[in-house]
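Q: return atomic coordinates for the entry below.
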Amino acid sequence: MVAFNEALAEAVVRSRSFGRFGAPWEFNLRDLLRWCQLAEAAVAAEAGEGTRARALPAAAAAVAPALYLHRLRSEGDRAAAARLFALHFPDAPPAHPRPAPALRLGDGCVAIGCALLPRGDAAPPAAARRLQLLRGQLRAAEAAACALARGWMVQLVGPAACGKTSLARALAALAGATLVEVRRPPPPRAPAGR
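A: This is a model prediction of the structure:
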């Protein structure tokens, strides 16, 4: 895990062989600690103590794309990071492209791939009830749910009308959480000319 984090930092931050779109980047100890937290949570959810040592490498490989690959902004950058990941985790399933994660609703939680997000009891607004989480959004939803379940900040980035707001609304509705939207006021109008 440490070797991959360092190799990714070398490739993206120092040598800039990929990852230019969205730069500047940093991959540091915070990322490693978060990766460990996600892997530990995945092991705890799936295995008992007796299989913990065998399950941890597989869990680390399973949650890495949600933490690392989804931060990168282009398919080419994600593919380059996945190739680098495969060098450090040769026995793991390919990190990219991978099938869309499964969405499961349970009592008290929503599971999106490796993410488990607790469900509250807030009723979604009428507009959110009509929202649909598209298959193409599931990887981003998984990464966001991983972060939200731990109280980490989520940054949704993309061009206008690509589904950022819809994704946030759909996740809030699925999780039974209240979403507070703060909109930027429109720019002031120019005074009427003479």
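
Q: so which residue is dead centre in this structure?
A: Of all residues in the chain, the one closest to the mean position by CA atoms, centre = their mean is Ala143, 1.6 Å from it.

Q: go ahead and confirm that one touches Ala66.
A: Yes - look at Ala143 against Ala66 with CB atoms under 8 Å: they come within range, at 4.4 Å. For the C-beta atoms, the positions are set from N, CA and C on the backbone; glycine is no exception.

Q: coming back round to it: now the helix or strand where the residue nearest to the centre of the chain lies, how far from the chain's geometric center?
A: Using DSSP states H and E, Ala143 sits within helix 138-149. Centroid separation for helix 138-149 versus its chain: 4 Å, with CA atoms, centre = their mean, to the nearest Å.

Q: what's the following helix or strand after that helix?
A: According to DSSP H and E, the helix or strand after helix 138-149 is helix 164-175.

Q: which secondary structure elements does that next one contact?
A: Counting by 3 or more CB pairs under 8 Å, 6 or more residues apart in numbering; DSSP states H and E, the packing neighbours recorded for helix 164-175 are strand 115-118, helix 126-129, helix 138-149.

Q: show residues contacting that helix.
A: Defining contact as CB atoms under 8 Å, 6 or more residues apart in numbering, one finds that helix 164-175 is touched by 105, 110, 117-120, 124, 127-129, 131-133, 137, 140-141, 144-145, 148, 156-158, 177-179, 181.

Q: ok, for the residue nearest to the centre of the chain, nearest residue in space, not its chain neighbours?
A: In this structure, Ala143 finds its nearest non-sequential neighbour in His70, 3.9 Å apart by CB to CB, 6 or more residues apart in numbering.
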